[in-house]
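Chemist: quick one, fold the following:
(chains A, B and C)
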Amino acid sequence: MPHLYLVDGSGYIFRAYHRLPPLTNKHGEPVGAVYGYTTMLWKLADDLHKADGPTHMAVILDKSSTTFRNQMYDQYKAHRPPPPEDLVPQFPMIRDATRAFSLPCIEEEGWEADDLIASYAKAAMAQGWQVTIVSSDKDLMQLVEDGSLDMLDTMNNRRIGEAEVVEKFGVGPKQLGDVLALMGDSVDNVPGVPGVGPKTAAKLIQEHGDVEGVLAAAPEMKKGKLKDNLIEHAEAARMSRRLVALACDVPLQVPLDDLMLQGIPDAPLRAFLDHHGFKSLMNRLGQVADAPVPENASVPLEEDPPCDHAAYETVVDEAALDRWVQVARHQGWIAIDTETTGTDATRADLVGVSMALHPNLACYVPLGHGGNDLLSETPVQLDRNLALAKLKPLFEDPAVLKIGHNLKYDMVVLGRCGIDVAPHDDTIVMSFDLDAGLHGHGMDELAATHLSHSCIAYKDVVGTGKSQRGFHEIDLDAATRYAAEDADVTYRLWKRFKARLPAEGATRVYEMVDRPLVPVIARMERRGIKIDREKLSALSADFAGQLATLETTIHGLAGAPFTIGSPKQLGDVLFEQMGVKGGRKGKSGVYSTDVNELTRIAADKDSPGAEIAARVLDWRELAKLKNTYTDALQDEINPETGRVHTSYSLTGAQTGRLSSTEPNLQNIPIRTETGRQIRDAFVAEPGNVILAADYSQIELRLAAHMADVPQLRDAFANGDDIHSLTAMELFGEVNRDTRGRAKTINFAILYGISRWGLAGRLDVSADEAQGMIDRYFDRFPGIRNYIATTTEFVREKGFTQTLFGRKTHFPRIRSKLQHERQGAERAAINAPIQGTSADIIKRAMVRMEPALAEAGLGHVRMLLQVHDELVFELPEGDVEAAKPVIERVMATAAEPAVVLSVPLAVEIGTGASWGAAH
DNA sequence: GAAGTCACG
DNA sequence: GACGTACGTGACTTCG
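Modeler: Down below sits the predicted model:
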């Protein structure tokens, strides 16, 4: 008897996309879902000759986005997010794959794949055929009929018959449509009846037969929300019933008999596999019948065995390394880690590489141990260049996923060795996207939290203080235990996070924002930025002279020398010895001498401390600039490159922002004229210029969008001055004073305002501040609503989300201490706005290099990111061509995933230095 | 290592 | 009645 297999191609690729590693092929195209799809077809082809196997087969795909259901209900599937960016190019490849297997591919304008599947299935059954639908779509389960139609879920190799449908939904296939209608579907935007989920729906349909039966019985039900909802939403329920019904009478485009399997011709399939570099599949061509398909990367969370340090291998000969490389190639993924002589990736030397293929299947490849008198002799190890030459093709193989913990570091180190690691997954970023705000993301902490494993401490290997040694001085056994464990633990963490990402809704931000950013940041760190050492050193000398003069003056005013840099001593001098009034002590009993306090004293001409306070403020400004910038930055110049290389942390700021360390290049002075001079020391190479592009008021724009404030939206759309508008709304007139206050209030709103905080900033009473806040909320009710909605959400869920789905957790929202709760609340109000802004500039960074390359601007180098600003170095001649590209990429960075109701404005400047570019 | 201060968005 | 007062960072100095 003919047996027709109908493959739900569209449904499959979405699931495959989320469950498989994000592989790319040798052309750099993302092919994770395509690979999964190909292995599935392969699996089906294996059944070809079995008794119950397919005789006819077709793949059904979705073609159009609008169908008859949209005419019925314009909101149908209206809120579906667009498919992930790296999935979109895979859709046409799915068709290529299908053709490579010589299978018919059926898609039709105006119909969903489900309707086509239903129509082909019914037609086949009418002729007495067997039908199997390869899908796990719940709507399709309405078609299941024991004896003639079943479903096959290839991901877990499960057959679905009537019993399985009953088990899952409480009713059989015939009544499933009624249950689905009452439940509704938030993804497809089928409304259903509010308050009715799968359990209630099943119970109602069991009792009353179908939707009409339930609605008819509603007036007789006992009083309650359910009854009210059924009556009130009766029409929605009826429409939902029509929405979930499958059309079974679509005219068949391809006659059933034409779906007969022809066998799989070798050549096109070989060409397809070769094009994508699916080597493991290629190897199996010709032995289809008995070859097991490589398991996919979705690994169940079975308990792993404890880490066994004795099982780790030290790889010191060619054959052993070849073996590891080969197995990695076959498997398709591998965890890696590098050991180096230091912590600065742009300077440290590579000492060894560790790899893990499976729990406890890990090794260490020493490459630079010994060569000093602490080890009696240089241990036997592979020649560094030879080993790197063997690792390079593996680390660059588009069909092998490289997994690392903080892989950015390894990318920088290996990049300096001529190896471009790709494709990749990074467990530190995965952890951050899942659990930001809950805990740190260092490997030791994650191993303790998720694996109940305490990692060998680095300091136990290399020691501390004077006796601390470099990793290259560690004997190979100890080095192997430590290094291989890191790769092993990384592998174990990856399996868990990989499963959690889709389950917890974090795949979107990981795949669209943070994962692709890792190599971009690695390249920025490697490039560094040129610093004019002489300029800095001249500033240092200038500042030193001024500081010496100030010091003499201050000591003279105080009547005796003291340490100006000591807040404790300064407080004593001001408030005890000189008798300044109104000193405020903090909880440690030290007088506050911060900028607010000193400014207050300096402004009071009658105070005995006015003069000294003013001089200390000058001294503080110069001391800060000299110590933190003009002196320190000179020491940060890398002798090899002559440039300064910061390190960005992708997991440092809870909101999703980057942070910058060693040195921090995100807090270079700009607000005072003296400080600004330091920016003039950040320069371009000869023949080049610095270009700085920054988003104008991005957070306020996002607030206007997210809180839906029409006046603010219009003002941004018209290019009006936003603080003047706020001043007009709040105070009825615009002048310097009201505009300044309005600006303060606008920012205060973004940070979760309190009447006391605002009162302090504006120097008004708390009551007056409260009046302004009330007025603000009355003029912009969307803001009040945003704050209420956000705080309700965070109290209930414990986290906030950005427009791209980035979560930030706030465990303190449930603290029993009121001030902790309130602090968490303010941070939660700010997090979606600051975080969305971070998501947007990150997407701009991810897209920048390809966009520049496409425009023939390969010499434009992105160097720095400062939250809402990107800094580039480029040949003078490229400036005019680069500006519109950079502007466009930044302004459209949210799209198409998020469509904003405000424009994003970008301001661009250029000059010989960073200072001149502003 | 904590506290205080101050540089940035 | 105490808490502590605007969000997010990192670096430097002093001091115990």
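
Chemist: if you rank every helix and strand of chain A by mean pLDDT, what lands last?
Modeler: One helix or strand of chain A scores below all others by mean pLDDT, DSSP states H and E: helix A:279-284, with a mean of 72.

Chemist: name the helices or strands packed onto it?
Modeler: When contacts are defined as 3 or more Cβ pairs under 8 Å, 6 or more residues apart in numbering; DSSP states H and E, helix A:279-284 packs onto helix A:32-46, helix A:266-276, helix A:318-331. Heads up, the C-betas are built off the backbone N, CA and C, glycines and all.

Chemist: what residues sit buried inside the longest one?
Modeler: Spelled out, it's helix A:32-46. Across helix A:32-46, burial judged by 16 or more other Cβ atoms under 10 Å covers A:32-42, A:44-46.

Chemist: next: the shortest one.
Modeler: Using 16+ other Cβ under 10 Å as the burial criterion, the residues of helix A:266-276 that qualify are A:269, A:272, A:273, A:275, A:276.

Chemist: what of the last one?
Modeler: Along helix A:318-331, these residues count as buried under the neighbour rule (16+ other Cβ under 10 Å): A:321, A:324, A:325, A:328, A:329, A:331.

Chemist: closest to residue A:471 out of these?
Modeler: Among those, residue A:321 lies closest to residue A:471 (Cβ to Cβ), at 19.6 Å.

Chemist: what does the model give that closest one for pLDDT?
Modeler: Residue A:321 is assigned 95 on the pLDDT scale.

Chemist: surely it touches residue A:390?
Modeler: Yes: if you go by Cβ atoms under 8 Å, residue A:321 and residue A:390 touch, sitting 5.5 Å apart.

Chemist: what about the strands in the stretch 251-400 of chain A?
Modeler: Secondary structure of the stretch 251-400 of chain A (DSSP state E, counting those that start in this stretch): strands located at A:313-314, A:333-340, A:350-358, A:361-366.

Chemist: out of these, which is closest to residue A:162?
Modeler: strand A:333-340 (38.6 Å).

Chemist: what's the span of stretch A:406-423 from first residue to last?
Modeler: 14 Å (Cα to Cα, to the nearest Å).

Chemist: which outside residues touch it?
Modeler: Residues outside stretch A:406-423 that contact it (Cβ atoms under 8 Å, 6 or more residues apart in numbering) are A:21-24, A:336-338, A:340, A:345-346, A:348, A:350, A:388, A:391-392, A:395-396, A:398, A:400-402, A:404, A:424-426, A:428, A:443, A:518-519, A:521-523, A:525-526, A:648, A:650.

Chemist: for that stretch, the averaged confidence score.
Modeler: What stretch A:406-423 shows for mean pLDDT is 96.

Chemist: is there proximity between that stretch and DNA strand C?
Modeler: No: using Cβ under 7 Å from any atom of the strand, we find that stretch A:406-423 stays clear of DNA strand C, coming within 13.6 Å at best.

Chemist: can I get the strands of the stretch 251-400 of chain A in TSV including mean pLDDT, mean neighbour count and distance to DNA strand B?
Modeler: Below are the strands of the stretch 251-400 of chain A laid out as TSV (pLDDT from 0 to 100; neighbours: other Cβ atoms under 10 Å; distance: least, Cβ to the nearest atom of the strand, whole Å):
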stretch	mean pLDDT	mean neighbour count	distance to DNA strand B
strand A:313-314	96	18	33
strand A:333-340	96	25	22
strand A:350-358	96	24	25
strand A:361-366	96	26	29
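
Chemist: which stretch among those approaches DNA strand C most closely?
Modeler: For DNA strand C, the closest of the strands of the stretch 251-400 of chain A is strand A:333-340, at 18.9 Å, according to Cβ to the nearest atom of the strand.

Chemist: what packs against that closest one?
Modeler: Using 3+ Cβ pairs under 8 Å, 6+ apart: strand A:333-340 touches strand A:350-358, strand A:401-404, helix A:407-416, helix A:476-503.

Chemist: gap between whatever residue of the stretch 251-400 of chain A ends up closest to DNA strand C and DNA strand B?
Modeler: Among the residues of the stretch 251-400 of chain A, residue A:344 lies closest to DNA strand C, at 11.2 Å counting by Cβ to the nearest atom of the strand. Distance from residue A:344 to DNA strand B, counting by Cβ to the nearest atom of the strand, to the nearest Å: 19 Å.

Chemist: let me see the backbone angles for that residue.
Modeler: phi -90, psi 110 (degrees, to the nearest 10).

Chemist: what residues are up against residue A:574?
Modeler: Neighbour list for residue A:574: A:580, A:583, A:591, A:593, A:601, A:609, A:612, A:613 [criterion: Cβ under 8 Å, 6+ apart].

Chemist: all set now, cheers.
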